[in-house]
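1. here's my sequence, what's the structure:
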Amino acid sequence: MTSQINDLRLAELLASRLCHDLVGPISAISNGMELLEEGMADLDEEARRLVGESAEQASAALQFYRVAIGFGASPSDDPGQLKRLVEPFLAHRKTRLDWVEPLGEGLPAGWGKLLLNLVAIAADALPMGGRVEVSAQPLPGQAQLRCLALGPEAELRPDVAAGLVPEATVDSLTPRSVQAFYAGLVAERLGAQLVTEQESGDRFRVAALFPA
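-> Numbering: from 1, shown residues only. So this is what the prediction gives:
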């Protein structure tokens, strides 16, 4: 029963995280529709822009999280399709993507799902926007799947980092820390170890290390 309760709690927290990312653009769509219904000609163009951009943002988040936290979503290991999920997800956070090929070589099946969760952690580390560099850099005796967050005040916030500490439990999680905790579960399933490093004031690294 305890395991089932933990599973339910984790599902609730992941749903809260998804809703948090969706409530903004969906509210903006609603506001835009209200402006259009008022029929004010000078506001119509702005309302249509608001609705269009917000719909794109909501769609990008849904498609991203469908693979990042969804069950059975596929394909999740195709670099081209993964890039098409990540790019718009970051763009609406005023963050640019640098995608360094090749990716996926020598990594176990399911690495794409882990990558998306690393991207989400890196995006959370850029409160003012910036750039996320995705790469797979080999290390001695290890393969590394890396997301480097670069931008003003780039760092892992304490409320997010709480999901990565060894003593973290489902009961201790919040909607802010659940993504990091879930990434750790995905990494563990793949036999990888998650590491984070504050490289400088504007550089933060989150990576998964796989035994070579």
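
2. CA atoms for contacts and neighbours, from now on please.
-> Fine.

3. how about the strands in the protein?
-> Taking DSSP state E, the strands of the chain run over residues 95-99, 130-139, 142-150, 193-200, 203-211.

4. partner strands of the longest one, with direction?
-> The one in question is strand 130-139. strand 95-99 (parallel), strand 142-150 (antiparallel) (DSSP bridges).

5. can you mark which positions in that strand are buried?
-> By neighbour count on 16 or more other C-alpha atoms under 10 Å, the buried set for strand 130-139 is 130-137.

6. return the most buried member of the strands paired with strand 130-139.
-> strand 142-150 (a mean of 24; mean count of other C-alpha atoms under 10 Å).

7. got the contact list for stretch 54-71?
-> Under the criterion C-alpha atoms under 8 Å, 6 or more residues apart in numbering, residues 14, 18, 21-22, 25-26, 28-29, 73-74, 76, 85-86, 88-89, 92, 113-114, 116-117 lie in contact with stretch 54-71.

8. just the buried ones from those residues, in PyMOL syntax?
-> Buried residues within those, by 16+ other C-alpha under 10 Å, are selected in PyMOL with:
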select buried, resi 14+18+22+25+26+28+29+76+85+86+88+89+92+113+114+116+117
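
9. so which of the contacts of stretch 54-71 sit within helices?
-> 14, 18, 21-22, 25-26, 28-29, 85-86, 88-89, 113-114, 116-117 (DSSP state H).
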